[in-house]
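Peer 1: Give the three-dimensional model of this entry:
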Amino acid sequence: MIGTFLQSLLIGYSGAVMPGPLLTYNINQSMRVGVRSGFLLVAGHALLELATIALLFLGVGTFLSTNTAQIVIGSAGGILLIFFGAVMIKDVIQGKAKLDMQGNVKEKSRGLILNGIVISAMNPYFIIWWTVVGLGLMMAAFKAYGIIGIAVFFAGHILADFSWYILISFLASRTRKLMNKKAYMIIVVILALVLIGFGINFIMTAVTKLFI
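Peer 2: Okay, the predicted model is just below:
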């Protein structure tokens, strides 16, 4: 059982450290509201993963891995990320993108759990990973230890997500004290463009699946 936990933890880290829209969004939010961002975003991510595990266990993975599902998820996710990126750029232009140095964290961190769920759900690679890799690992844990095996597998996986994202949030939040307003706005625009780039990539990938 320890082997299942360690395997899940290491594989979880291999996915968590890879750049993606949730990590990019987390960096931006962490600079605005602090380390709380990482915890809340991953809490939403974890809730979605629990729901995904339940659905895969019930056999829905076959549908999620179809081209139709991937096209819908990829297109919707791409549009969502482009929208998030556009809002970030709009906030910079309108002067709304500001560092929170007064501790007004509660107000600005509202909705981060929901955003964690939505951004993760709209990432087609999240679904692909769970239907191709995650399902196999989960079933191996189930065959070895039953429901407890799945719980151990999930514990290792989500520990990797929480520890990595909270570390990134901590590091990003520390930069607030070293950054002036102009530098922060430049970073926000760069992060926004990265999100838009992910969005365009998701849409292009979805479009190519139309011709497969």
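Peer 1: Low-confidence regions, this protein specifically.
Peer 2: The chain contains residues with pLDDT under 70 at 97-109, 177-180, 212.
Peer 1: Show me the helices in it, by range?
Peer 2: 2-16, 21-33, 36-57, 61-64, 67-93, 105-108, 112-121, 124-129, 135-145, 147-174, 181-209 (DSSP state H).
Peer 1: Is it possible to get a markdown table of these that adds mean neighbour count?
Peer 2: Yep, even glycine has a C-beta here, placed from its N, CA and C like the rest. A markdown table is the format used below for those (neighbours: other Cβ atoms under 10 Å):
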| stretch | mean neighbour count |
| --- | --- |
| helix 2-16 | 17 |
| helix 21-33 | 24 |
| helix 36-57 | 20 |
| helix 61-64 | 15 |
| helix 67-93 | 18 |
| helix 105-108 | 12 |
| helix 112-121 | 21 |
| helix 124-129 | 20 |
| helix 135-145 | 16 |
| helix 147-174 | 19 |
| helix 181-209 | 17 |
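Peer 1: now the residue nearest to Phe63 when sequence neighbours are not counted: how far from Ala183?
Peer 2: For Phe63, ignoring the flanking residues on the chain, the nearest one in space by Cβ to Cβ, 6 or more residues apart in numbering is Ala69 at 5.9 Å. Here the criterion is Cβ to Cβ, to the nearest Å. By it, Ala69 lies 41 Å from Ala183.
Peer 1: ok, now Thr52?
Peer 2: In terms of Cβ to Cβ, Thr52 sits 38 Å off from Ala183.
Peer 1: so the residue nearest to Phe63 sits right up against Thr62, yeah?
Peer 2: No. Ala69 lies out of contact with Thr62 (Cβ atoms under 8 Å); the separation is 9.7 Å.
Peer 1: Would you agree Ile27 is in contact with Tyr165?
Peer 2: No. Counting by Cβ under 8 Å, Ile27 does not reach Tyr165; the two are 9.8 Å apart.
Peer 1: intersection of neighbour lists for the two?
Peer 2: Here Ile27 and Tyr165 have no joint contacts, going by Cβ atoms under 8 Å, 6 or more residues apart in numbering.
Peer 1: Run through who's touching stretch 84-101.
Peer 2: For stretch 84-101, the surrounding residues in contact (Cβ under 8 Å, 6+ apart) are 25, 28, 31-34, 108, 119, 176, 179, 181, 184-185, 188-189, 191-196, 199.
Peer 1: Only the C-alpha atoms, please, for that stretch, written as CSV.
Peer 2: Taking Å, rounded to 0.1, in the frame of the first residue of the first chain, the C-alpha atoms of stretch 84-101 are listed here in CSV:
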residue,chain,number,x,y,z
PHE,A,84,-9.7,34.8,-18.8
GLY,A,85,-6.7,36.1,-20.6
ALA,A,86,-8.7,38.9,-22.2
VAL,A,87,-10.1,39.9,-18.8
MET,A,88,-6.6,40.1,-17.3
ILE,A,89,-5.4,42.3,-20.1
LYS,A,90,-8.6,44.5,-19.8
ASP,A,91,-7.9,44.9,-16.0
VAL,A,92,-4.4,46.1,-16.8
ILE,A,93,-5.6,48.6,-19.4
GLN,A,94,-8.3,49.9,-17.0
GLY,A,95,-5.9,50.0,-14.0
LYS,A,96,-7.8,47.3,-12.1
ALA,A,97,-4.9,44.9,-11.9
LYS,A,98,-3.4,45.8,-8.5
LEU,A,99,-1.3,44.0,-5.9
ASP,A,100,-3.1,43.5,-2.6
MET,A,101,-0.6,44.8,0.0
